[in-house]
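1. 3D model of this:
(chains A and B)
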Amino acid sequence: MSAHQPETPDTLPKLLLAQAARWDSRRVAIREKEFGIWQSYSWRDAADHVERIALGLASRGFRRGDKIALIGDNRPQLYWTMLAAQALGGVPVPVYQDSIAAEMHYVIDHSESRMVLCEDQEQVDKILEMKDKLPLIETVVYDDPKGMRHYDYPFLVSLERIQEMGTAFAREHPEYWGAEVARGGGGDLAIINYTSGTTGFPKGVMLSHDAFISTARSFLEVETLGERDEIMAYLPMAWIGDSFFSVAVAFLAGCTVNCPEDASTVRQDFREIGPTMTFAPPRIWENILSQAQVRIEDANWLQRTLTRFFLPRGMQRAKLELEGKPVPAGLHVACGIGRWLVFEPLRDQLGFRRIRSAITGGAALGPEMMQFFRALGVNLKQLYGATECCAPATLHRDGQVRLETVGPPLPGVEVKLSPRGEVLIRCGGLFSGYYKSPEQTAEALRDGWLHTGDAGLFDPDGHLVIIDRVKDVAKLHDGTVFAPQYIENKLKFSVYIREAVAVGHDRPYVAVMINIDMEVLANWAERQGLAYTGYTDLAQNPATYRLVHDEIQRTNATLAPSQRVKRFAILHKELDPDDAEITRTRKLRRGFINERYASIIAALYEPGAATVAVRATVTYEDGRTSETERQVRIMDVAGA
Amino acid sequence: MMATALGTPAGGASGPALLSVEDVTVRFGAVAALSGVSVDVHRGEIVAIIGPNGAGKTTLLNVISGFYHPRSGRILFQGRDRTHLKPFDVAALGIARTFQNVALFKGMSVLDNIMTGRLLKMRGSFLLEAVYWGPARRQELEHRAAVERVIDFLEIQAIRKTPAGRLPYGLQKRVELARALAAEPHLLLLDEPMAGMNVEEKEDMSRFILDVHDEFGTTIVLIEHDMSVVMDISDRVVVLDYGRKIADGPPEIVRKDQVVMDAYLGVAHD
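-> As a prediction, this is how the structure comes out:
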């Protein structure tokens, strides 16, 4: 390819260079809180770092088509390395940093990565432990040297050293960088994103630069985002949502990406930055809501009283607006006052003061969650999509947000339903296939349409409504259809309920298994003066059962009689990704759960059963397992 | 634990010691808290002091840090006699410590608590400090940067602005370590850094102690009851019993020492 740049950059590294040419050092590309201060890097700084890292990797033998695994928290250095690999025509493979060893090994091994970038000692240690089983790995790069002073391995090298090597390499090969970037084309692979999936091994979703850029372009036709906007990069880098927002959208819009200081400081950092747009899966919104509720409980009586008065009114108003119904004048006035006294201060506390657009996606969000945030004045919208189409396919437009829908398709994205009711997607952002799995690719990608496996329908306004997974939509014994996820999401709005698993396929009624929210329940138990030894003990406490019972009863009132929950049990342990019960993005793996908790499910349908003994196998982080036996209570829901 | 080039295990001890406690005796009335104890600590070592309750471990630490003065014997630090210095003079020499019972300023933020660790390094006039101008401002920034490095090192960013008194015990201990580290000591004295902690907190603390030693080459003397921790992290173990030193050597040898076992198992003393 010739030396001149094409009109519109067709790869992410070219986009970065275009922003660097445009803004140079005048605008901040990425910030990271370190040593208590927000350290800023301009577009020029970012481009320089990427160049040095790329050349350093090149001098260690990284070539076109090679893969590099990235393990760590959101750090500028990790994003730069991602871009550096892409600039050389290589492919970054981000890995969930909290994966257990076997999962991590699977992804690195399956992707045939030749290099690994680790954020710190913790990750390096994990790699060192499995190094013998990763014969392809030639170089392990680390960013934070702490604790590794005495590590002496020929394949271990610091990112700082890589950059020095890059500087030296540039002196010997001054043409290399420009030529390699120019050689890249839109059809090249930009990333392999491993999705845990709700069944089986993770699949490597291959996404091209074209896919990212065209999807980001569609997205930006709906959402206005520019160089003055601030976003936070705090979700796992291995999640498609992060690559899409923190890289593709940020590079195209030229907005500033902010990396938190530490996983434990995200909320504080969020508030300091006051992002103008944010994207998060439901579990994060649920988390923020729980925190807000705890804070309200802990506030003084005046604040508590005011909140208890205004919040339900705000939510009522949000509900009416979402349904497109008129808001009574009295409610309008009340909310106007509530805005000054409660909503604005609370919104500020949560870090949403400057937010213009807050987007949820990745799983369904309880309707009440939507009402809560919208009552505060946070413009929360639903997005629906899949890793296989670069994250977004549909999105609510401002002023047209509906409770039960995920919005109309983005410009340039076609969405239709198969005869079975399965959601099919066709757009420029579609993936190039699953890495090394042609059969699975052929299954998901038929005639150019992505088969999502989600069951949906369109409402009269052209909004898509997602009901459940096609394979999860279940029938009761008498043939009544019910969507477990729909019921679960309603239950999960209760601050006390963290997870719910609805069962009832081929059974006479719907029953659920509950995970309590330990943080909230611990607070509640303290106020009740309830003594307990740990999760299991608190979960099985009769008072906890009564509390959860009332919550379920409240949810039942909003469900059709045939869909109501008749019996429930609180599980003795939390569903855990390490036990393969739930994915890292917190999607239930129903097959595993049905198998593992078969005895509890049986008891839920055994008339008169009050308790059931369960044996559980617990997997520790190092892969060891142990068996425990517990008594789990079963309770009827009154009036259902 | 990876041995550093600097670490000189006992037995083959050579060269001048960083700290020498020579034949020190401390009495409280008729009670001899320490009688004729001699301990050498070499640069770059991690030395653990163990012994049953009341053996004189904390007293030894207090003598080194100048809280008590010995009835007889002397203390050499970096080759010079430091027997009769006051605690603040000792601190100025580069000896920092943490306490058995956490001694933080409970109402102050974690950040301010750690900043107090820099006090002895602060120079400048009261007037300039008051208007926060010129060198005073520059100095404040330097100290803050040093403190932030310690915060980063000990991974306590999330509690930077939390009042120390509101923290759980394990974290308070870590903040105390942070304050001691902020003084950039040559010698760090830790009085039961892991007391009252659960297994996970102990593992964290052990890792931090080893990291401090690795990263800054700080010489560390610590008192600890948990034998597995002592065996894991120390280069040398000094055993006290009834104010006397009964053993001194590498952990694997001390562990098998008959006298030590007797002291711990409670064989009758004369």
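2. Give me the helix or strand of the chain that scores worst on average pLDDT.
-> Defaulting to chain A. Every helix and strand in chain A was compared by mean pLDDT, DSSP states H and E; the lowest is strand A:611-619, with a mean of 78.
3. The intended chain is chain B.
-> helix B:126-131 (a mean of 69).
4. name the helices or strands packed onto whichever helix or strand comes after that one?
-> Sequence-wise, the next helix or strand beyond helix B:126-131 is helix B:135-153, with elements assigned using DSSP states H and E. Applying 3 or more CB pairs under 8 Å, 6 or more residues apart in numbering or on different chains; DSSP states H and E, one finds that helix B:135-153 contacts helix B:110-116, helix B:126-131, helix B:169-182, helix B:199-216. Quick note: C-beta positions are derived from backbone N, CA and C, even for glycine.
5. which one of those has the lowest average pLDDT?
-> By mean pLDDT, the lowest-scoring of those turns out to be helix B:126-131, with a mean of 69.
6. ok, and the closest non-adjacent residue to whichever residue of the stretch 201-350 of chain A sits closest to chain B?
-> Nearest residue of the stretch 201-350 of chain A to chain B (CB to the nearest CB) works out as residue A:264 at 3.8 Å. Taking CB to CB, 6 or more residues apart in numbering or on different chains as the measure, residue A:264 lies nearest to residue B:158, with 3.8 Å between them; neighbours along the chain are not counted.
7. Likewise for residue A:68?
-> Leaving aside its chain neighbours, residue A:68 sits nearest to residue A:115 (4.3 Å; criterion: CB to CB, 6+ apart).
8. and the gap between the one you found and residue A:88?
-> In this structure, residue A:115 and residue A:88 are separated by 11 Å, where distance is defined by CB to CB, to the nearest Å.
9. that older thread, export the helices and strands packed on helix B:135-153 as a markdown table, with columns for distance to residue A:513 and mean neighbour count.
-> Conversion of the helices and strands packed on helix B:135-153 to a markdown table gives the following (distance: least, CB to CB, whole Å; neighbours: other CB atoms under 10 Å in any protein chain shown):
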| stretch | distance to residue A:513 | mean neighbour count |
| --- | --- | --- |
| helix B:110-116 | 41 | 21 |
| helix B:126-131 | 62 | 10 |
| helix B:169-182 | 34 | 22 |
| helix B:199-216 | 29 | 17 |
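10. quick one: which of the ones you listed is nearest chain A?
-> Chain A lies closest, by CB to the nearest CB, to one member of the helices and strands packed on helix B:135-153: helix B:199-216, at 5.1 Å.
11. Can you tell me how far the residue lying farthest from the centre of chain A is from residue A:180?
-> Residue distances from the centre of chain A (CA atoms, centre = their mean) peak at residue A:172, which lies 42.8 Å from the mean C-alpha position. According to CB to CB, residue A:172 and residue A:180 sit 14 Å apart.
12. again with residue A:405
-> As defined by CB to CB, residue A:405 lies at a distance of 45 Å from residue A:180.
13. Run through the residues that contact residue A:62.
-> Residues in contact with residue A:62, defined by CB atoms under 8 Å, 6 or more residues apart in numbering or on different chains, are A:68, A:85, A:88, A:90, A:114, A:115, A:139.
14. rewinding a little: using CSV, write out every CA atom in whichever helix or strand comes after the least confident helix or strand of chain A.
-> Downstream of strand A:611-619, the next assigned helix or strand under DSSP H and E is strand A:625-633. Coordinates of each C-alpha in strand A:625-633 appear next as CSV, following Å, rounded to 0.1, in the frame of the first residue of the first chain:
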residue,chain,number,x,y,z
THR,A,625,-12.8,-29.3,45.4
SER,A,626,-14.5,-30.2,48.6
GLU,A,627,-17.9,-31.5,49.6
THR,A,628,-20.3,-30.0,52.1
GLU,A,629,-23.7,-31.0,53.3
ARG,A,630,-26.4,-28.4,54.3
GLN,A,631,-30.1,-28.2,55.2
VAL,A,632,-32.0,-25.9,52.9
ARG,A,633,-35.5,-24.7,53.8
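15. quick one: strands adjacent to strand A:625-633?
-> In its sheet, strand A:625-633 lies beside strand A:611-619 (antiparallel), with partners assigned from DSSP bridges.
16. What number of residues are in the vicinity of residue A:616?
-> Neighbouring residues of residue A:616 were enumerated by other CB atoms under 10 Å in any protein chain shown; the total is 18.
17. Could you find the closest non-adjacent residue to it?
-> Leaving aside its sequence neighbours, residue A:616 is closest to residue A:628 (5.4 Å, by CB to CB, 6+ apart).
18. do residue B:233 as well
-> What sits nearest to residue B:233 in space, not counting adjacent residues and going by CB to CB, 6+ apart, is residue B:206, at 5.4 Å.
19. My understanding was that the one you found contacts residue B:199; is that so?
-> No: look at residue B:206 against residue B:199 with CB atoms under 8 Å: they stay out of range, at 10.5 Å.
20. wait, what's in contact with residue A:25?
-> Under the criterion of CB under 8 Å, 6+ apart, the contact list for residue A:25 reads A:42, A:43, A:44, A:45.
21. Can you tell me which of those residues are buried?
-> Neighbour-count burial (16 or more other CB atoms under 10 Å in any protein chain shown) applied to the contacts of residue A:25 gives A:42, A:43, A:44, A:45.
22. which phi and psi does the third one have?
-> Per-residue torsions, residue A:44: phi -70, psi -50 (degrees, to the nearest 10).
23. Tell me the predicted confidence for it.
-> Model confidence at residue A:44, expressed as pLDDT, equals 97.
24. Tell me the spacing between residue A:364 and chain B.
-> Noted for residue A:364: a distance of 31 Å to chain B, by CB to the nearest CB, to the nearest Å.
25. What segments of the stretch 451-600 of chain A are helices?
-> Listed in chain order, the helices of the stretch 451-600 of chain A (DSSP state H, counting those that start in this stretch) span A:484-491, A:518-528, A:535-539, A:542-556, A:590-596, A:598-604.
26. do the stretch 1-150 of chain A as well
-> If you assign secondary structure with DSSP H, counting those that start in this stretch, the helices in the stretch 1-150 of chain A sit at A:12-23, A:43-59, A:76-87, A:101-110, A:121-130.
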